[in-house]
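In: What follows is a protein structure lacking sequence information:
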């Protein structure tokens, strides 16, 4: 199953960002520390190319610290880029980003040349929470739902520091299948765009690969070393949900439980993708795209 979600307001956001970029000094992109590769929007990279960039790995408290360190090093190595990890609701670390932005654009500042910063990212990554933390009061709506912010907001953080908050945006075609599942699991995708069981199975695949002990402990399961994702989902259904007629496990309810447990941190500090895994998925997606375009060209030639 391929997960895609690019509603109309995202087209408007793309256009607004493109129009705003000429006057922007630094771009802050919020990423989800649990899916640092999948939450990096290639469309935003295209729209903001050439601008100094600050990558924020948000929700670090829910992610594996060792994996976060590796992803930070990966982004720090990119030209014109700094990277920080934080929890958007914590005031002191959040203030670090103002200092980081000033270091990325040292010639900006003061009332004559105020700093103009664009903050962007996928839906439900925590932008509004971060903005509220920076201001010290409620400036933007927040919620555990994709698409809360719908219009651009200009916010004065300091006399010479202007922050432009944009709505969360995905990209028109998510070519990396695993990224679609991970984005859905994080809450970045609209609820009607994915199937709970498919997303839960993708989560369980990663958990069985990296943290099977977490699943055993959370759901009080016996040895699961010989079980695949579907079998584990069924076991969760038997443990946590009423059985269906005939004694069948309710895998839909089990999927909802698994997704909720991931989002809430009940599985512990989890990062769904390593640098190596994401590079492999990216290469596979690129190969599929080459094959798809070749078939399309062949059909056009025949036609």
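Out: Perfect, thanks for sending it. A quick note: this is a predicted structure, and the numbers were derived from the prediction, not measured.

In: Please identify the buried residues of whichever strand or helix holds residue 99?
Out: Assessed by DSSP states H and E, residue 99 sits inside helix 91-104. For helix 91-104, burial by neighbour count (16 or more other CB atoms under 10 Å) applies to 93, 94, 97, 98, 100, 101, 102, 104. Every C-beta, even on glycine, is put in place using the N, C-alpha and C of the backbone.

In: pLDDT (mean, whole number) over that helix?
Out: For helix 91-104, mean pLDDT is 90.

In: and the spatially most central residue of the chain, what does it touch?
Out: When CA atoms, centre = their mean is applied to the chain, the residue found nearest the centroid is residue 39 (3.2 Å). Residue 39 makes contacts with 31, 32, 121, 122, 125, 182, 183, 186, 188, as judged by CB atoms under 8 Å, 6 or more residues apart in numbering.

In: do residue 64 as well
Out: 269, 270, 271.

In: residues contacting the last one?
Out: Residue 271 makes contact with 33, 34, 35, 36, 63, 64, 67, 68, 71, according to CB under 8 Å, 6+ apart.

In: Going by secondary structure, it is in what exactly?
Out: Using DSSP H and E, residue 271 falls outside every helix and strand.

In: how about it, phi and psi?
Out: phi -110, psi 120 (degrees, to the nearest 10).

In: same thing with the second one?
Out: For residue 270, the backbone dihedrals (degrees, to the nearest 10) come out as phi -130, psi 130.

In: Would you agree it is in contact with residue 62?
Out: Yes - judged on CB atoms under 8 Å, residue 270 makes contact with residue 62 at a distance of 7.0 Å.

In: Give the intersection of the neighbour lists for the two.
Out: residue 34.

In: check contacts around the nearest residue to residue 242 once chain neighbours are set aside.
Out: Nearest non-adjacent residue to residue 242, counting by CB to CB, 6 or more residues apart in numbering: residue 250, 6.6 Å away. Counting by CB under 8 Å, 6+ apart, residue 250 touches 237, 241, 242, 243, 244.

In: so what's residue 250 scoring on pLDDT?
Out: 97.

In: sorry, back to before: now the angle between helix 91-104 and the following helix or strand past the helix holding residue 99, please.
Out: Proceeding N to C from helix 91-104, the next assigned helix or strand is strand 115-121, under DSSP H and E. Angle, strand 115-121 to helix 91-104, by axes from the mean of the first three to the mean of the last three CA atoms, to 10 degrees: 120 degrees.

In: The helix or strand following strand 115-121 - contacts with which helices or strands?
Out: Counting by DSSP H and E, the next helix or strand C-terminal to strand 115-121 is helix 127-135. Contacts defined by 3 or more CB pairs under 8 Å, 6 or more residues apart in numbering; DSSP states H and E place helix 127-135 against helix 91-104, strand 115-121, strand 153-158, strand 161-165.

In: could you redo the last one with a cut-off of 7 Å?
Out: Helices and strands touching helix 127-135, by 3 or more CB pairs under 7 Å, 6 or more residues apart in numbering; DSSP states H and E, are helix 91-104, strand 153-158, strand 161-165.
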